[in-house]
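In: Make a model of this:
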Amino acid sequence: MKQTKSEKIISLTIISMGFFLVSLDVTVVNVALSQLKQDLGISISGLQWVIDAYTLSFATLLLSAGKAGDITGPKKIFCCGLLLFSVASLLCGIAHSLSFLVIARILQGTGAALLVANSLSLIQGIFSQPPERAKAFGIWGGVGGIAIAMGPVAGGILISRFGWQAAFFLNIPVGVLSLAMALKYLPEIATVPRKINPLAQLLIAVALASLAWAFITAGYDGWLSATVITSGLLCIAAITGFIFYEITSEIPLLPRGIFRIKKFAAATSIGLIINSGFYGQLFIISLYFQQIKHYTTLHSGLALLPQAIIMAATAFCCGRIIARTGPGIPVLAGLSVSFIGLLWLSLIPTNSSYIGVMIPMLLTGMGMSLTAPATVAACMAEAPLGQGGITSGIINTARQSGSVLGVAMAGSFMGDQNLSLHSMHLALLATLPFYLLAWCLALRWLLPKSTFIPLPEPE
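Out: Here you go, the predicted structure:
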């Protein structure tokens, strides 16, 4: 369905509002960690599960969410995601135990998966020309950056005044407004008849959950414990089963040959790595301010604000850069800047001032916002005709899997106690080799052919 320029602006606003919700939830919950630990008696591993329950369900369901959008239409699935996310936010806010909160977070992540996978598919369908699509992706990412910027301050003010529950109740009015507007204004996008493969989806969920469980458990049981070894073997078995099933199935979950497209495979891998490094850093720095520096909830939120602001500003600029140069240059620049920021954070001394921590945080955030929209744009430019939903599902699954693993890996260096400066340094240093790998992938596969090739329009 063709839209006028003003209709496209309205649609992009609605789609971005949905992404605003999902992004807001990231920094708001991190600011609430200390209150959650105190009020519900949650250990460090419990805090990891409060975060990872959300990102696990988010990551594992993105592929099916994207494919469902390709089958029934991305508008319907996007709206279902908004509704579920809003209801789950209410359930999170009334939780009185860790188990109830984790279940509610799983539902919240499910809604986020439905929403995000199909927001990219909607953008691809509405903005048909590659340059305008690149700008739309940049705006979409920039709105996410604004949400991340607002999260620490809004969350800090509300949580310090009304308790950690306010971090979740904050989502409800935005979700209801977005849903009403989406039902009225979003266009229907052409779909292609397909089938959803539940077994393949289950194998992905088992692989990612068991891997996250292994990392989180290793922090206090040790890497050679029976639980960690069993979880690792289960992960390997699930991955092997998924690959075998995809090769032999008549209805594979992933498009045939999608990872033979080198640019797509490289961008997907980079998306996983950059999210792992950034969200691991965010988890660690949030605990650093609250447990080592002993900041209040409000002060912790304010301490995270500069990083979030630079992320929002960079994401908006990144859309224009991608439209002019393609994804290669911003990806390489972003990875380089992030690497410097993480290395700097891994070397900060015990008596470091706030400025000494803020500067490398700014570099890490800037690098994230340069890299993330560019990897998404690179992947979506390679999307097979009529498969925008599943393609966006793949890149977002990789990114959210990175978020899960980043938090899990960070926690594995901390044990089940409070954060120490030594464990913080080790966790940050462990991410750096992966950034070097991502840089090599970008240099080889994204930079040489970093211009966009227009996608064929449906007849």
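In: Select the longest helix from the protein.
Out: The longest helix of the chain (DSSP state H) is helix 130-162.
In: If you count contacts, what does that one end up packed against?
Out: helix 5-31, helix 98-126, helix 166-169, helix 297-325, helix 354-381 (3 or more Cβ pairs under 8 Å, 6 or more residues apart in numbering; DSSP states H and E). Heads up, the C-betas are built off the backbone N, CA and C, glycines and all.
In: Mind checking the ones you listed for the one nearest to residue 71?
Out: helix 98-126 (11.2 Å; Cβ to Cβ).
In: orientation of the closest one relative to helix 354-381 in degrees?
Out: 50 degrees (axes from the mean of the first three to the mean of the last three Cα atoms, to 10 degrees).
In: Show me how far helix 98-126 is from its chain's centre.
Out: 10 Å (Cα atoms, centre = their mean, to the nearest Å).
In: Which other helices and strands does it contact?
Out: Against helix 98-126 (3+ Cβ pairs under 8 Å, 6+ apart) you get helix 5-31, helix 44-72, helix 74-93, helix 130-162, helix 354-381, helix 388-412.
In: what distance separates the last one from the centre of its chain?
Out: Looking back up the chat, that one is helix 388-412. 6 Å.
In: Which element is encountered next along the chain beyond it?
Out: Once helix 388-412 ends, the next helix or strand along the chain (criterion: DSSP states H and E) is helix 421-429.
In: Show the model's pLDDT score for residue 12.
Out: Residue 12 is assigned 93 on the pLDDT scale.
In: Contacts only, for it.
Out: By Cβ atoms under 8 Å, 6 or more residues apart in numbering, residue 12 lies in contact with 123, 126, 127, 136, 139, 140.
In: can I get the residues you listed in TSV with neighbour count and distance to residue 398?
Out: Putting the contacts of residue 12 into TSV (neighbours: other Cβ atoms under 10 Å; distance: Cβ to Cβ, whole Å) gives the following:
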residue	neighbour count	distance to residue 398
123	25	18
126	22	24
127	19	22
136	26	21
139	20	22
140	24	17
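In: Kindly indicate which of those lies nearest residue 6.
Out: So of the contacts of residue 12, ranked by how close each gets to residue 6 (Cβ to Cβ), first place is residue 126, at 12.4 Å.
In: Surely the closest one is in contact with residue 9?
Out: No. Under the criterion of Cβ atoms under 8 Å, residue 126 makes no contact with residue 9, lying 10.2 Å away.
In: related to what we said a few turns ago, closest one to residue 97 out of the contacts of residue 12, please.
Out: The closest of those, once distances to residue 97 are taken by Cβ to Cβ, is residue 140, at 35.8 Å.
In: The closest one contacts residue 123, doesn't it?
Out: Yes. Assessed by Cβ under 8 Å, residue 140 is found in contact with residue 123 at 6.3 Å.
In: Identify the contacts common to these two.
Out: 12, 15.
In: give the contact list for the residue nearest the centre of the chain.
Out: Centroid check for the chain by Cα atoms, centre = their mean gives residue 400 as the closest residue, at 4.2 Å. Counting by Cβ under 8 Å, 6+ apart, residue 400 makes contact with 55, 58, 59, 62, 113, 275.
In: Please apply the same query to residue 197.
Out: Residue 197 neighbours (Cβ under 8 Å, 6+ apart): 249, 251, 252, 253.
In: Any quick PyMOL command for the buried ones out of those residues?
Out: Buried residues within these, by 16 or more other Cβ atoms under 10 Å, are selected in PyMOL with:
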select buried, resi 253
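In: how about JSON lines for the contacts of residue 197, with distance to residue 223 added?
Out: Formatted as JSON lines, the contacts of residue 197 follow (distance: Cβ to Cβ, whole Å):
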{"residue": "249", "distance to residue 223": "35"}
{"residue": "251", "distance to residue 223": "38"}
{"residue": "252", "distance to residue 223": "34"}
{"residue": "253", "distance to residue 223": "31"}
